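Enquirer: A predicted structure for the sequence below; I have some questions about it.
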Amino acid sequence: MEKILQLLIEGEPFNTSQMAEVLNYSVEEVEARLAELKEKNILLGWRPVFNPAKEIDDWVRAVIEVKIKPEREGGFDRLSERISRFDEVESCYLMSGAYDLLVFVKGHHLKAVAGFVSERLATIDGVLSTATHFMLRAYKEQGFLLPGAREDPEKPKISP
Amino acid sequence: MPRSGIREFFELVQGTDDVISLGVGEPGFATPWHIREAAIYALERGKTSYTSNLGLLKLRRVIARYLAREFRVEYHPERQILVTVGVSEALDIALRAIINPGDKVMYHEPCYVSYHPSISMAHGVGVKVPTREEDNFALDPRQLWNYWEPGVKALVLNFPTNPTGGTVSIAQLREVARFAQEKDLLVISDEIYGELTFAGKHTSIASLPGMRDRTILLHGCSKAFAMTGFRIGFACARSELTEAMMKVHQYSMLCAPILSQEAAIEALQNGAEAVARMKDQYRRRRDLIVRKMNQSGLNCHLPNGTFYAFPSIRSTGLDSKSFALKLFEAKRVATVPGNAFGESGEGFIRCNYSTGYGDLLKACQLIDAFVQEL
Ligand SMILES: Cc1ncc(COP(=O)(O)O)c(C=O)c1O
């Protein structure tokens, strides 16, 4: 795997000059490679990972299982892309199993999410059914254990 | 017996906040979760008893398979493997089992802090053989012949080496083996960092022709599996030697903790992926710190094993203790002065680079600033 890709996956919060130090590249080289990853649609963008328990924006989150009707041409793609375009949708995946799409949505309050499901999502032609699950509490967010679950060992600072 | 050089430094550093520590002798990672989970599961199932003095038979079987596969040396799980409370205990009982008062024991230096004191506590006499920076701290077999004295009974080896990260080539190891055979020595081989060998694969001296029966192989879970707190080691040797070690172990320790033994089974059976992941991190962090030290003017060889770098601080004109002390006072970066690992460590500091990248980069910058300000 490309070294810079590996570093990104590991998720250390580096700026480009720190990346350059770690990888022994020049800053220009790091920037060029990042640009290339974007160019190739491998790297979609940057986002901070927030602690959902801190309710910085009072987000209410839900996962929705959606059954949709595949089409003769394009299968699930047209409808899935259409659903994905809503701002409320954070992620959208085609799944194997009992339903077709798993849609991660967020809204400012419960009513907003409920409204999105009943008025926007469920009314789309080709959406056969939805089942909405509201998230109650996060224990791990995109690879980060939430404080509380995290351990803080009492390690000596010097040992043989 | 002198107080360990590392202790006074420990007390100084321990009481200070906001320290970036490159001074620990253990991995920067917590034990992989699947191993911790195995210990929890064992606790839930009520595994709270003693075990056989030798350790759980299942664990000894797993160790036998692991060593056959990874170290290419075979031991009988029922008679030739003894599970101990860390390699620390294994080293102690190995020495106590084979040393009579006044017997001499050769060891290479700089080395792990316990070797010389453990030899003394077993009423042996330590004979040190220096390893050198110009050899990347490998053991030059000719030095063994030079430093040998009548009355030497055993040779303690530790490759890869704490604190230098040194390893030996197979050719050198063969020469060491020939020396041991020629002088009819027992070898205590502490291979606790074996998996953490970067270029090439670790070779156990016990796997060389004619060496298994004169070697006590010491290994454990502390380093490669990041399990220092579990305190699991093992001593492997021909049956009579194992029996002799067992007698000391039986009365002083009874057995290693059962929960840790259960965790060790999981580690040795299913830990390869986690070990590979951590080792990859160590290799990359090693490359970073070695480059940075050299850029700062601290000459640093590329260590081929462990998670320690051992840069020379001679260019600063300071001795290693003053360097470590001043660095700590000025920049709050803790390292271990090389002379804590014996006189031949003078002129160096040991830096554990297994800490996170963020701290590692910061520490390198602070060391650089410190050196430039001198
Ligand atoms: C070379 C060497 N041997 C033995 C030990 C002790 O390890 P354990 O945790 O198995 O007692 C250490 C720990 O630092 C070490 O570096």
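Expert: Done, it's in.
Enquirer: please tell me how far the residue of chain A found nearest the ligand sits from A:Asn41.
Expert: Proximity of chain A to the ligand (CB to the nearest ligand atom) peaks at A:Pro160, 5.3 Å away. (C-beta placed from N, C-alpha, C; glycine too.) Distance from A:Pro160 to A:Asn41, counting by CB to CB, to the nearest Å: 50 Å.
Enquirer: check B:Glu195 too.
Expert: Relative to A:Asn41, B:Glu195 is positioned 38 Å away (CB to CB).
Enquirer: looking at those two, which is more packed in?
Expert: B:Glu195 (22 against 7; other CB atoms under 10 Å in any protein chain shown).
Enquirer: wait, is the more buried one part of a helix?
Expert: No - read with DSSP: H, G, I helix; E, B strand; the rest coil, B:Glu195 is coil and lies in no helix.
Enquirer: per-residue confidence for it?
Expert: In this model, B:Glu195 is scored at 98, pLDDT.
Enquirer: so the residue of chain A closest to the ligand touches B:Ser4, yeah?
Expert: Yes - contact criterion CB atoms under 8 Å: A:Pro160 and B:Ser4 qualify, at 7.2 Å.
Enquirer: for the two, indicate the residue with more neighbours.
Expert: Using other CB under 10 Å as the criterion, A:Pro160 and B:Ser4 rank with A:Pro160 on top: 22 against 14.
Enquirer: which residue is the nearest non-sequential neighbour of A:Ser129?
Expert: Distances taken as CB to CB, 6 or more residues apart in numbering or on different chains put A:Lys67 closest to A:Ser129, at 4.7 Å, once the chain neighbours are dropped.
Enquirer: tell me the average confidence for the helix or strand harbouring that neighbour?
Expert: Using DSSP states H and E, A:Lys67 maps to strand A:60-68. Averaged across strand A:60-68, pLDDT comes to 96.
Enquirer: that older thread, state the distance from the residue of chain A closest to the ligand to chain B.
Expert: 4 Å (CB to the nearest CB, to the nearest Å).
Enquirer: could I get the phi/psi values of A:Arg72?
Expert: Backbone geometry at A:Arg72, expressed as degrees, to the nearest 10, gives phi -60, psi -40.
Enquirer: repeat for B:Ala224
Expert: Main-chain dihedrals, B:Ala224, degrees, to the nearest 10: phi -60, psi -30.
Enquirer: ok, it - how many residues close by?
Expert: When neighbours are counted by other CB under 10 Å, B:Ala224 comes out with 25.
Enquirer: same thing with the one 3 residues further on?
Expert: Counted with other CB under 10 Å, the burial measure for B:Met227 works out to 26 neighbours.
Enquirer: how about it: what's its closest non-neighbour residue?
Expert: B:Cys221 (4.1 Å).
Enquirer: mind listing what the one you found touches?
Expert: B:Met227, B:Phe230, B:Ile232, B:Gly233, B:Ala263, B:Ala264, B:Ala267, B:Leu268 (CB atoms under 8 Å, 6 or more residues apart in numbering or on different chains).
Enquirer: B:Arg79 touches B:Thr242, doesn't it?
Expert: Yes - in terms of CB under 8 Å, B:Arg79 counts as a neighbour of B:Thr242; the distance is 6.3 Å.
Enquirer: so these two - more neighbours on which side?
Expert: B:Thr242 (23 against 16).
Enquirer: for the more buried one, pull up the helix or strand it's in.
Expert: helix B:239-252.
Enquirer: what's in contact with the host helix or strand of B:Gln172?
Expert: Assigned by DSSP H and E, B:Gln172 belongs to helix B:170-182. If you take CB under 8 Å, 6+ apart as the criterion, helix B:170-182 is touched by B:138-141, B:144-145, B:148, B:155, B:157, B:159, B:168, B:185-187, B:203, B:205, B:208-211, B:214.
Enquirer: which residues are in contact with the strand holding A:Lys67?
Expert: Here strand A:60-68 has contacts from A:52, A:76, A:79-80, A:83, A:98-110, A:112-113, A:117, A:121, A:126-135, using CB under 8 Å, 6+ apart.
Enquirer: now do the buried residues in the helix or strand where B:Lys292 lies.
Expert: Applying DSSP H and E as the criterion places B:Lys292 in helix B:272-295. Across helix B:272-295, burial judged by 16 or more other CB atoms under 10 Å in any protein chain shown covers B:272, B:274-275, B:278-279, B:281-282, B:284-290, B:292-293.
Enquirer: is the longest helix seen in chain A positioned near chain B?
Expert: In chain A, taking DSSP state H as the definition, the longest helix is helix A:27-39. No - Helix A:27-39 does not reach chain B (CB under 8 Å from any CB of the partner chain); its nearest approach is 14.3 Å.
Enquirer: quick one: buried residues of that helix?
Expert: A:Val30, A:Arg33, A:Leu34, A:Leu37.
Enquirer: just list what it packs against, helices and strands only.
Expert: Taking 3 or more CB pairs under 8 Å, 6 or more residues apart in numbering or on different chains; DSSP states H and E as contact, the helices and strands that helix A:27-39 lies on are helix A:3-10, helix A:16-23.
Enquirer: deepest in the core, which of the ones you listed is it.
Expert: Each of the helices and strands packed on helix A:27-39 was scored by mean neighbour count; the highest is helix A:16-23, a mean of 18, by mean count of other CB atoms under 10 Å in any protein chain shown.
Enquirer: by contact count, what packs against it?
Expert: On a contact count with 3+ CB pairs under 8 Å, 6+ apart, helix A:16-23 meets helix A:3-10, helix A:27-39, helix B:272-295, helix B:357-373.
Enquirer: recalculate using a threshold of 6 Å.
Expert: On a contact count with 3 or more CB pairs under 6 Å, 6 or more residues apart in numbering or on different chains; DSSP states H and E, helix A:16-23 meets helix A:27-39.
Enquirer: what about the helix it packs on, distance to the chain center?
Expert: 22 Å (CA atoms, centre = their mean, to the nearest Å).
Enquirer: tell me the angle that helix makes with helix A:3-10.
Expert: 70 degrees (axes from the mean of the first three to the mean of the last three CA atoms, to 10 degrees).
Enquirer: tell me the contacts of the spatially most central residue of chain A?
Expert: Chain A has A:Ser91 as the residue nearest its centroid, 5.9 Å off, counting by CA atoms, centre = their mean. Neighbour list for A:Ser91: A:Phe104 [criterion: CB atoms under 6 Å, 6 or more residues apart in numbering or on different chains].
Enquirer: next, count neighbours for B:Leu56.
Expert: B:Leu56 sits with 19 neighbouring residues when counted by other CB under 10 Å.
Enquirer: and if you look at B:Arg142?
Expert: Burial measure for B:Arg142: 11 neighbouring residues, criterion other CB under 10 Å.
Enquirer: which element is it on?
Expert: According to DSSP H and E, B:Arg142 maps onto helix B:141-147.
Enquirer: what sits against the closest residue to the ligand within chain B?
Expert: Nearest residue of chain B to the ligand, counting by CB to the nearest ligand atom: B:Gly86, 2.5 Å away. Contacts were defined as CB under 6 Å, 6+ apart; by that measure B:Gly86 touches B:Gly220, B:Arg231, B:Gly233.
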